[in-house]
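Q: Have a look; sequence and predicted model below, questions after that.
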Amino acid sequence: MALGNNKTLCSICNKNKITYSCDGCSQRFCLLDLTEHRQILNNELHHIAGEYNEFKETINEQRQNPQNSSVIKQIDQWERNSIEKIQQTAKDWKEIVTESLQTYINDIEKTFNDLNEQIKQFQIENEFNEMDLSCLKNQLTEITEQLNNSSNISMQQNRQLIINDISIISLEKKIER
């Protein structure tokens with residue numbers, strides 16, 4: 001009985017040998033090159049498995065530390081910027097109110113000093129009557145009320161935001177507060 005020629009060309013070494021077909025790439029390999037081809041495939045699989053493991057670690061890290069998310073970091077930066085804006089605005093307004101109160105108190109003090117000079121003048125000259133005393137009393141009462149009501153400055157909140165509001169957009173939906 002004669003043996004049939006079942007040798008074909010190996011796609012790697014290009015020699016006529018007994019070859020085996022790879023179902024994945026549809027090429028034919030001799031036994032030696034098939035072994036090497038399988039080793040290359042095993043190396044690729046090992047590399048892919050390594051990438052899967054790295055990805056799994058990344059998922060676990062993000063699950064354990066969601067605060068390390070880039071969106072959380074952006075929110076943290078927005079928070080810091082907003083706080084700085086609020087603090088700067090408060091500081092600016094405090095300075096304005098302090099200056100205004102100082103001017104107001106200085107004006108009251110000037111009026112008080114003028115009244116005090118009138119009183120001294122009356123005492124020196126000894127020229128006054130009941131109407132003068134009543135007028136001095138009324139003026140003193142008036143500037144006392146002005147000083148006690150130095151809260152003629154009040155604060156009103158502006159409903160326009162001094163900070164920018166944010167919204168979070170997910171790939172699935174917009175997240176609203």
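A: Everything's here; your move.
Q: okay, CA-based contacts and neighbour counts for the rest of this
A: Noted.
Q: Can you show me the strands along this protein?
A: 7-9, 16-21, 28-30, 168-169, 174-175 (DSSP state E).
Q: Put together CSV for the ones you listed, with distance to Glu130 and mean pLDDT on each row.
A: CSV is the format used below for those (distance: least, CA to CA, whole Å; pLDDT from 0 to 100):
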stretch, distance to Glu130, mean pLDDT
strand 7-9, 135, 95
strand 16-21, 128, 96
strand 28-30, 129, 97
strand 168-169, 75, 70
strand 174-175, 76, 56
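Q: Out of those, flag the one nearest Gln87.
A: Nearest to Gln87 among the strands of the chain is strand 168-169; the distance by CA to CA comes to 25.0 Å.
Q: quick one: strands adjacent to the closest one?
A: The strands beside strand 168-169 in its sheet (DSSP bridges) come out as strand 174-175 (antiparallel).
Q: related to what we said a few turns ago, and the strands of the chain, which is most packed in?
A: With neighbours defined as mean count of other CA atoms under 10 Å, the strands of the chain peak in mean count at strand 28-30, which reaches a mean of 23.
Q: And the contacts of that strand?
A: Contacts with strand 28-30, where a contact means CA atoms under 8 Å, 6 or more residues apart in numbering, come from Leu9, Cys10, Ser11, Ile12, Lys17, Ile18, Thr19, Tyr20, Ser21, Cys22.
Q: rewinding a little: out of the strands of the chain, which gets nearest to Asp92?
A: Closest approach to Asp92 among those is made by strand 168-169 (31.4 Å; CA to CA).
Q: picking up where we left off before, okay, the contacts of strand 28-30 in a markdown table with distance to Arg38 next?
A: Below are these laid out as a markdown table (distance: CA to CA, whole Å):
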| residue | distance to Arg38 |
| --- | --- |
| Leu9 | 18 |
| Cys10 | 15 |
| Ser11 | 14 |
| Ile12 | 13 |
| Lys17 | 18 |
| Ile18 | 17 |
| Thr19 | 14 |
| Tyr20 | 12 |
| Ser21 | 12 |
| Cys22 | 9 |
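Q: so can I have CSV of the strands of the chain showing distance to Ile105?
A: Listed next are the strands of the chain as CSV, based on distance: least, CA to CA, whole Å:
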stretch, distance to Ile105
strand 7-9, 107
strand 16-21, 101
strand 28-30, 101
strand 168-169, 49
strand 174-175, 51
